[in-house]
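A.B. asks: Have a look; sequence and predicted model below, questions after that.
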Amino acid sequence: DCCYKKTGEMRQARNAPIIIHFMNELYNRPWQKPCDHPYKEIYYKIEKMVFGDNTIINKPLSGHTRATRMLKKYRFSFLQNYIMQKMDCRRERMEKVAWVIPSFIEGSGGYRTIFQHVNEMAKSYECHIYVYDSGDYKNNEAVAKAAEKFYGKCNCKFILGYDISTEVDYVMIFATSWLTAETVYLYKRKAKKVYFVQDYEPMFYPAGDEYLRAAGTYELAFYHITIGRWLAKKLQYTHGAKAAYYDFGVNEKIYNSVKGVERENSICFIFQPDKPRRATQLGIDALEIVKTCYPDIKIYLYGSKAKIQVPFQCTFLGIIRPEECAELYRKSVVGLCISASNPSRVPFEMMACGLPVVDVYTENNLYDYTDNIVLAQSSPEALAQAIIDLIKNPDMCKKIKYNANEFIKKRHIAEENKKFMDIVYSIKLGETNNYFENKIYRSYRLKMVNASYEITELRRKISLMKKKTIIEKLEHNSIIRRIPGIKNLRNWLR
């Protein structure tokens, strides 16, 4: 009696069927009010997904139901407990999946994505998460509390340490970083080994031991699932890895464009000096040029608790919640997010809020964006030029917004979760051809933005002004003047 639009849905129903029959003996049904059924929220959620706003009109309780509810209250409470125990037994029969993750980092989007997928998997599997013991947590309960504090509720069992249980028959075990890959590789029980890859981690290190060790983990014969297309292409062509991808999605309940909201004259920049791949100094230098051209423009830095000295007035927002990020995107006129490795999810969330985005024109950004973003040559002058072009040119800004809006319509978080689960089921069943053999093509077609002569000259003048300021400090400070060799340094600066 069921209709499945896609093969993945049919596989999920076949391998992990879930049937909920709402009886009206012990509880009244969810389409009747008032409803006290313990699983009514599941019904409401599915009803909303299927019917949208055209929900079924609730019917009043029948006399029969009211009578059985009275009997239940006084005589049949033992039946309620018995049925609840039977329903809880289902989890004991579910197949089990293990995830191995590093210790938590507050504000990390990568961990948020992991828990997003774990919660989706928990509908069909019992999920265990093994967390690296960094010494910050005493036991499993402390780990679970920290995870909920940082990332929200996660429907799984947390285990402190990498001592993977050999008494549990896991059908799959997931590595989530190069530091966890060895643990998964050494796991001897029969299980499909999957590597969930969110970035090309060798790029986090200079060429050397750590670079080579991180790169080597992509050659351990795992199944690889990547977020984004460039990353899958990189693993396939550089390491010969089996890699399937899903596209970046956006939680449209949080990140959306609200009509009638007036934007202020401001720029927001994802500021994470603890992550070199976010190119903090490059962004600061670009914003200094913009601030020189537009002294009244506000600049918001967010994404980290760190504060560094910057050469212009700005507002440090620190680590803010997703809802606060959405508000920031809806009130700004341009967003700056620099990705030196795999693209961040942030630009897609900015697009969903109607915010034009600027990033760098590098190989890693040419496969997951279309004509919905402005990519500039990776220099402060070019990034500043791209931002200024968007501020000065309303027609260009409008076109980018339109392209972004059309693009993001197909990128709902539910679609991301579904594609992830489809790939998981294909790995489990050994039917991977549809996902692991797709060719990946470049999707970005716009020209790279380069700096104009005027912006380049402005950058040169700013640099000269800084040198002049340093020379003046050296000349007027009597203590510094006494340092041997300071005269030569002063002449060199001139």
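C.D. replies: In hand now; what should we look at?
A.B. asks: how long is stretch 420-439 from one end to the other?
C.D. replies: In stretch 420-439, first residue to last residue: 18 Å (C-alpha to C-alpha, to the nearest Å).
A.B. asks: hang on, isn't Phe115 packed against Glu148?
C.D. replies: No: counting by C-beta atoms under 8 Å, Phe115 sits too far from Glu148 to count as a contact (9.5 Å). Yep, even glycine has a C-beta here, placed from its N, CA and C like the rest.
A.B. asks: Between these two, which contacts overlap?
C.D. replies: Residues within reach of Phe115 and of Glu148 at once, by C-beta atoms under 8 Å, 6 or more residues apart in numbering, are Cys154.
A.B. asks: More neighbours: the two, which one.
C.D. replies: Phe115 (22 against 13; other C-beta atoms under 10 Å).
A.B. asks: tell me the contacts of Arg411?
C.D. replies: By C-beta under 8 Å, 6+ apart, Arg411 lies in contact with 247-250, 348, 352.
A.B. asks: Buried among these? Make that a PyMOL selection.
C.D. replies: Of those, the buried ones go into a single PyMOL selection, burial set by 16 or more other C-beta atoms under 10 Å:
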select buried, resi 248+249+250+348+352
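A.B. asks: For Ile427, state which of the contacts of Arg411 is nearest.
C.D. replies: The nearest member of the contacts of Arg411 to Ile427, counting by C-beta to C-beta, is Asp247 at 18.3 Å.
A.B. asks: Was I right to think the closest one contacts Glu416?
C.D. replies: Yes: the criterion here is C-beta under 8 Å, and Asp247 meets it with Glu416 at 6.8 Å.
A.B. asks: any idea how far Ile388 is from the residue nearest to Ile101 when sequence neighbours are not counted?
C.D. replies: Leaving out its chain neighbours, the residue that sits closest to Ile101 by C-beta to C-beta, 6 or more residues apart in numbering is Thr176, at 4.8 Å. Per C-beta to C-beta, to the nearest Å, Thr176 is found 40 Å from Ile388.
A.B. asks: Dump the contacts of Arg411 to JSON lines, plus pLDDT.
C.D. replies: Converted to JSON lines, those look like this (pLDDT from 0 to 100):
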{"residue": "Asp247", "pLDDT": "95"}
{"residue": "Phe248", "pLDDT": "95"}
{"residue": "Gly249", "pLDDT": "94"}
{"residue": "Val250", "pLDDT": "94"}
{"residue": "Phe348", "pLDDT": "96"}
{"residue": "Ala352", "pLDDT": "95"}
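A.B. asks: CSV for the contacts of Arg411, including distance to Thr217 and secondary structure?
C.D. replies: Listed next are those as CSV, based on distance: C-beta to C-beta, whole Å; DSSP: H, G, I helix; E, B strand; the rest coil:
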residue, distance to Thr217, secondary structure
Asp247, 24, coil
Phe248, 23, coil
Gly249, 26, coil
Val250, 29, strand
Phe348, 27, helix
Ala352, 33, helix
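A.B. asks: So Ile338: helix, strand or coil?
C.D. replies: coil (DSSP: H, G, I helix; E, B strand; the rest coil).
A.B. asks: where does the closest residue to it other than its chain neighbours land on pLDDT?
C.D. replies: Nearest residue to Ile338 in three dimensions, chain neighbours excluded: Ala279, at 4.2 Å (C-beta to C-beta, 6+ apart). With respect to pLDDT, Ala279 has a value of 94.
A.B. asks: Next, the contact list for the residue nearest the centre of the chain, please.
C.D. replies: When C-alpha atoms, centre = their mean is applied to the chain, the residue found nearest the centroid is Gly109 (4.3 Å). With contact set as C-beta under 8 Å, 6+ apart, Gly109 has these partners: 344-346.
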